[in-house]
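1. predicted model follows, preceded by the sequence.
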Amino acid sequence: MFRNLALWARHHLRLKTERDSVVPTAFDPSPIVEDKQLSPDERALLVWLIEHGTSDATEYAAQVEQARVVGRCRCGCPTIDLGIAGAKERTVGGSTILADFLGETPEGFHVGVLLHSRNGKLSELEVYSLDRDGIFSLPTIESLKPLEG
Ligand SMILES: [Zn+2]
């Protein structure tokens, strides 16, 4: 399902090791807790992913207006946790993938984008780099294409 399984696993398991260093880099895996409205870019991407995602995705369209950002990854990627209808806690565990796309950010990073739902609610907008580490933004909507395979 995930072509770049190693990158995906590294992001999720937060296994941050340095090839050239004997001492692994300390990495805080906990998300930054937030309670914010979606930015215009986050909202636009969410709406687009729901419109172009799996056949189940459109059932979640009404939740966009109820969604707030309740967490943010600290690794430099723009991954956000979503809270729906006043939920303040991010949801974790097994998820249903509502959309799975590849894209490019304004900084030129090639990224994968996943929209997760958990327990029937929009849960996480995940963006992971395919080519390098660093700080990067959401992909542009014009760059998005489906992950084939
Ligand atoms: Zn991250």
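-> Now that the structure is in, tell me what you want to look at.

2. Three-state assignment for the residue nearest the centre of the chain, please.
-> The chain has E126 as the residue nearest its centroid, 0.8 Å off, counting by Cα atoms, centre = their mean. Using DSSP: H, G, I helix; E, B strand; the rest coil, the structure places E126 in strand.

3. what sits opposite the nearest residue to it once chain neighbours are set aside in the beta ladder?
-> Of all residues not flanking E126 in the chain, L114 sits nearest, at 4.4 Å (Cβ to Cβ, 6 or more residues apart in numbering). C-beta coordinates here come from the backbone N, C-alpha and C atoms, glycine included. Beta-bridge partners recorded for L114 (DSSP bridges): D100, E126.

4. state the pLDDT value of L114.
-> We have a pLDDT of 97 for L114.

5. distance of the residue nearest to the centre of the chain relative to G86?
-> To G86, E126 is 22 Å away according to Cβ to Cβ, to the nearest Å.

6. for the residue nearest to the centre of the chain, which residues are in contact?
-> 11, 79, 113-116 (Cβ atoms under 8 Å, 6 or more residues apart in numbering).
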